[in-house]
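**Q** Task: produce atomic coordinates for the following.
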Amino acid sequence: MSKFFYGWVIVGVMGIISFVGMGLLSLNFGLFIKPMGEDLGIGRATFGLAQSSMMISAAISAPFVGHLIDRFGPRILLPLAATITIGAIFFLSFSKNSWQIVSVFIIMGFMNFNNPGNMFVSVPIVKWFVINRGKAFSFVSLGIPIGAIIFIPLTQYFINKFGWESSLIYMGFLGLVIIVPVSLIFLRREPKDMGLNPDGLLNDEFVPDGFEGSMEKSFTLRESVGTYTYWQLIVIFALFYFAIGTIALHRIPAFMDRGLDPTLVSISTAFDAVCAGITSFIVGFLVSKINSRWIASASFICLVVASVITIYAFSFWVMFVSMAIFGVGIGGLMFIQNYIWAEQFGREHVGAIKGSSYLLIMLIGGIGAPLAGYVYDQIGSYNFVWWIGICLLFLASILILVNKSPQTKLTQT
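**A** Numbers count the residues shown, from 1 in each chain. Predicted coordinates:
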């Protein structure tokens with residue numbers, strides 16, 4: 001193995017992208033719902049629809065984006081997608097009605113940059129690593145808690161001091177000046193473009209016998225679609241996104257509705273992301289020792305527990321505990337959803353495979369957020385739809401355990 005492998009530079013850049021992404025309407029979007037809704041006279045269903053519209057438009061463009069990343073790499077595509085996404089965030093600061101907000105989120109979704117399971121971050125890591133893939137994802141995930149600690153409280157500070165409109169502009173500007181130059185300077189498509197092998201292995205080096213990554217399944221998109229595993233994973237992650245859509249976005253304004261201080265809510269939200277990032281980091285080292293399905297199932301159970309606590313959270317500490325457990329569950333699944341597609345289908349066509357699955361996942365999963373907002377606007381409570389989400393998460397925890405690996409001929413990497 002070479003002394004220094006450029007793949008770790010890729011890991012560092014993707015960690016920075018994850019870090020900055022915490023300020024670009026990912027987890028901090030919930031902090032804008034209450035002030036925007038009150039200023040513009042817009043109901044919660046609009047924000048749920050905006051979130052789902054972004055997910056669905058991302059799903060529509062995902063197969064195309066995944067194919068482009070497979071073919072051209074992220075060096076130009078990532079800063080281009082980030083620039084358009086941030087431009088949409090700038091425009092959002094001038095929005096005055098529901099259709100403008102939804103339109104902005106549709107544009108952001110088509111860019112596939114700040115949506116869940118960001119392919120611009122996950123696919124390059126899969127291309128550069130096989131043996132150390134889990135560790136690489138672990139180090140990338142460290143950007144999330146660091147970004148959350150900084151950007152989520154900073155977002156609430158900007159909202160309190162300057163208003164939600166200026167806060168969007170400030171956060172977008174910070175993202176632009178960091179992401180674009182770092183991506184253009186350091187990103188590369190894949191190891192062979194630099195005369196390297198994945199993990200920095202030399203041509204005459206062999207992976208130790210018995211290591212699972214030494215023989216990686218290589219599927220084309222057509223082959224993967226013909227397996228039960230592909231469709232099982234789609235069902236599982238569709239249930240996941242539907243359930244999370246009902247809870248994750250709306251719990252933040254719900255806590256504020258209960259009279260909890262917005263600053264304390266932002267601190268708890270940041271701690272949620274800290275727990276998620278730390279969990280992803282730990283899982284990256286555990287996944288070589290513990291079956292990924294068991295990790296995923298345990299993560300689903302954490303989300304079930306956290307969601308039940310959320311329903312009964314009317315004080316700071318109960319809210320804080322619910323956020324922490326929720327972060328642990330999200331962190332485990334955040335890692336698994338990036339890892340499992342390459343684990344099951346190999347790295348060569350993972351962008352196209354993951355992108356194609358994303359369309360169906362989000363068409364179903366995208367219903368959750370606007371449904372929860374609609375229910376709230378009608379009856380003034382999220383509890384009914386949250387219990388539905390809890391049941392779906394529990395079902396997913398069982399289904400992932402019976403998911404089987406696809407059968408195909410193994411090819412030497």
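**Q** shaky segments in the stretch 301-413 of the chain?
**A** For the stretch 301-413 of the chain, applying pLDDT under 70 flags the ranges 407-413.
**Q** Now for the protein, the helix or strand with the poorest mean pLDDT.
**A** strand 410-412 (a mean of 40; mean pLDDT, DSSP states H and E).
**Q** Poorly predicted segments of this protein, please.
**A** 1-2, 115-117, 202-217, 407-413.
**Q** can we see that at 80?
**A** 1-3, 27, 114-118, 202-218, 338, 347-348, 350-351, 355, 407-413 (pLDDT under 80).
**Q** Residues contacting stretch 396-405, please?
**A** Under the contact criterion Cβ atoms under 8 Å, 6 or more residues apart in numbering, stretch 396-405 has outside partners 217, 228-229, 232-233, 235-236, 239-240, 243, 293-294, 296-298, 300-301, 304, 344. Every residue, glycine included, has its C-beta placed from N, CA and C.
**Q** again with stretch 70-85
**A** With contact meaning Cβ under 8 Å, 6+ apart, stretch 70-85 is reached by 17, 24, 65, 68-69, 107-108, 111-114, 120, 123-124, 127, 175-176, 179-180, 183-184, 187-190, 193, 349-352.
**Q** what's the distance between that stretch and the middle of its chain?
**A** With Cα atoms, centre = their mean, to the nearest Å as the basis, stretch 70-85 stands 17 Å off its chain's centre.
**Q** would you list every one of the helices in the stretch 1-150 of the chain?
**A** Counting by DSSP state H, counting those that start in this stretch, the stretch 1-150 of the chain has these helices, from start to end: 7-21, 30-40, 44-72, 74-92, 98-111, 119-128, 133-141, 143-162.
**Q** Would you list the buried entries among the contacts of stretch 396-405?
**A** 217, 229, 232-233, 235-236, 239-240, 243, 293, 296-298, 300-301, 304, 344 (16 or more other Cβ atoms under 10 Å).
**Q** Sort out for me which of these are in helices.
**A** Per DSSP state H, helices hold the following members of the buried ones among the contacts of stretch 396-405: 229, 232-233, 235-236, 239-240, 243, 293, 296-298, 300-301, 304, 344.
**Q** What is the nearest of those residues to Q51?
**A** The nearest member of those to Q51, counting by Cβ to Cβ, is A243 at 13.8 Å.
**Q** mind checking how far the closest residue to S61 other than its chain neighbours is from V102?
**A** Of all residues not flanking S61 in the chain, F110 sits nearest, at 4.7 Å (Cβ to Cβ, 6 or more residues apart in numbering). Going from F110 to V102 by Cβ to Cβ, to the nearest Å gives 13 Å.
**Q** hmm, back to that, can you tell me which of the helices of the stretch 1-150 of the chain is most buried?
**A** helix 119-128 (a mean of 26; mean count of other Cβ atoms under 10 Å).
**Q** Not counting its own residues, what contacts that helix?
**A** Residues contacting helix 119-128 (Cβ under 8 Å, 6+ apart): 6-7, 10-11, 14, 17-18, 62, 65-66, 69-70, 73-74, 77-78, 81, 112-113, 133, 136-137, 140, 187, 189-191, 198-199, 338, 342, 347, 350-351, 354-355.
**Q** Could you do stretch 35-54 as well?
**A** Residues contacting stretch 35-54 (Cβ under 8 Å, 6+ apart): 29, 33, 95-98, 101-102, 104-106, 108-109, 115, 159, 163-164, 245, 249-250, 253, 366-374, 376-377.
**Q** roughly how far is that stretch from the heart of the chain?
**A** Using Cα atoms, centre = their mean, the offset of stretch 35-54 from its chain centre is 21 Å.
**Q** Next: stretch 238-249.
**A** For stretch 238-249, the distance to the chain centre is 12 Å (Cα atoms, centre = their mean).
**Q** ok, and for it, which residues are buried?
**A** Neighbour count says stretch 238-249 has A238, L239, F240, Y241, F242, A243, I244, G245, T246, I247, A248, L249 buried, by 16+ other Cβ under 10 Å.
**Q** and which of those is nearest to I169?
**A** L249 (22.0 Å).
**Q** wait, doesn't that closest one sit right on A369?
**A** Yes: using Cβ atoms under 8 Å, L249 is in contact with A369, at 5.4 Å.
**Q** any idea what sits nearest F314, other than its immediate chain neighbours?
**A** Nearest residue to F314, sequence neighbours excluded (Cβ to Cβ, 6+ apart): R258, at 5.4 Å.
**Q** I'd like to know how far the one you found sits from G284.
**A** 36 Å.
**Q** Pick out whichever of those two has more residues nearby.
**A** Each of R258 and G284 has its neighbours counted (other Cβ atoms under 10 Å); G284 has more, 22 against 12.
**Q** The more buried one should be in a strand, yeah?
**A** No: going by DSSP: H, G, I helix; E, B strand; the rest coil, the assignment for G284 is helix, not a strand.
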